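*Asks:* 3D model of this:
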Amino acid sequence: MPAVLLDNVHATIVSLADTIWLEPDGTGVEVSTEQSQDKGAAEGPITRTDERPFSYGLDRNRIEIAFECNDVIIRSCSPPPHLMGVLTESGLLLDHALYYRTPLEYERVR
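*Replies:* Residues are numbered from 1 along each chain as shown. As a prediction, the model looks like this:
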């Protein structure tokens with residue numbers, strides 16, 4: 001981080017931070033912060049933070065994460081698991097992620 005997610009003629013989107021919180025009850029939240037800049041606009045970049053709740057399951061050191069589907073109209077959500085990986089001594093290594101390139105590495109904050 002930061003990482004450029006999109007850079008074309010019209011806009012640039014940069015990922016500034018991505019954090020995954022795991023709770024002992026099998027729930028969690030992904031918090032991501034992105035900055036976007038419309039290259040044709042006079043105003044400066046816009047920073048936005050989104051939170052996505054999820055549930056997860058563990059099988060030894062393997063983790064499977066399923067995000068909540070908020071599409072109540074047409075139920076167009078992809079079936080879980082949405083993220084899969086391993087818990088490591090230093091954090092989390094995701095080797096399967098819908099919509100993201102893998103691997104995704106998260107460092108444990110103590």
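
*Asks:* His96 contacts Val86, doesn't it?
*Replies:* No: using CB atoms under 8 Å, His96 is not in contact with Val86; the gap is 10.7 Å. The way it works is simple: take the backbone N, C-alpha and C, and place the C-beta from them, glycine included.

*Asks:* Just checking: what are the partner strands of the lengthiest strand in the chain?
*Replies:* The single longest strand within the chain, with elements called by DSSP state E, is strand 46-59. When pairing is defined by DSSP bridges, strand 46-59 lines up against strand 27-38 (antiparallel), strand 62-67 (antiparallel).

*Asks:* any chance of the ones you listed in a markdown table, plus distance to Arg110, mean pLDDT and mean neighbour count?
*Replies:* Formatted as a markdown table, the strands paired with strand 46-59 follow (distance: least, CB to CB, whole Å; pLDDT from 0 to 100; neighbours: other CB atoms under 10 Å):
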| stretch | distance to Arg110 | mean pLDDT | mean neighbour count |
| --- | --- | --- | --- |
| strand 27-38 | 17 | 93 | 16 |
| strand 62-67 | 18 | 96 | 18 |
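
*Asks:* now for those, which one comes closest to Leu16?
*Replies:* strand 27-38 (4.5 Å; CB to CB).

*Asks:* quick one: low-confidence parts of the protein?
*Replies:* Where the chain drops to pLDDT under 70, the residues are 1-9, 72-75.

*Asks:* bridging residues for the residue nearest in space to the middle of it?
*Replies:* Central residue of the chain (CA atoms, centre = their mean): Glu30, 5.6 Å from the mean position. Per DSSP bridges, residues listed as beta-bridge partners of Glu30: Ile20, Arg52.

*Asks:* Ends of stretch 60-77, what's the gap?
*Replies:* 28 Å (CA to CA, to the nearest Å).

*Asks:* And the contacts of that stretch?
*Replies:* The set of residues external to stretch 60-77 that reach it, using CB atoms under 8 Å, 6 or more residues apart in numbering, is 28, 30, 52-57, 80-88, 92.
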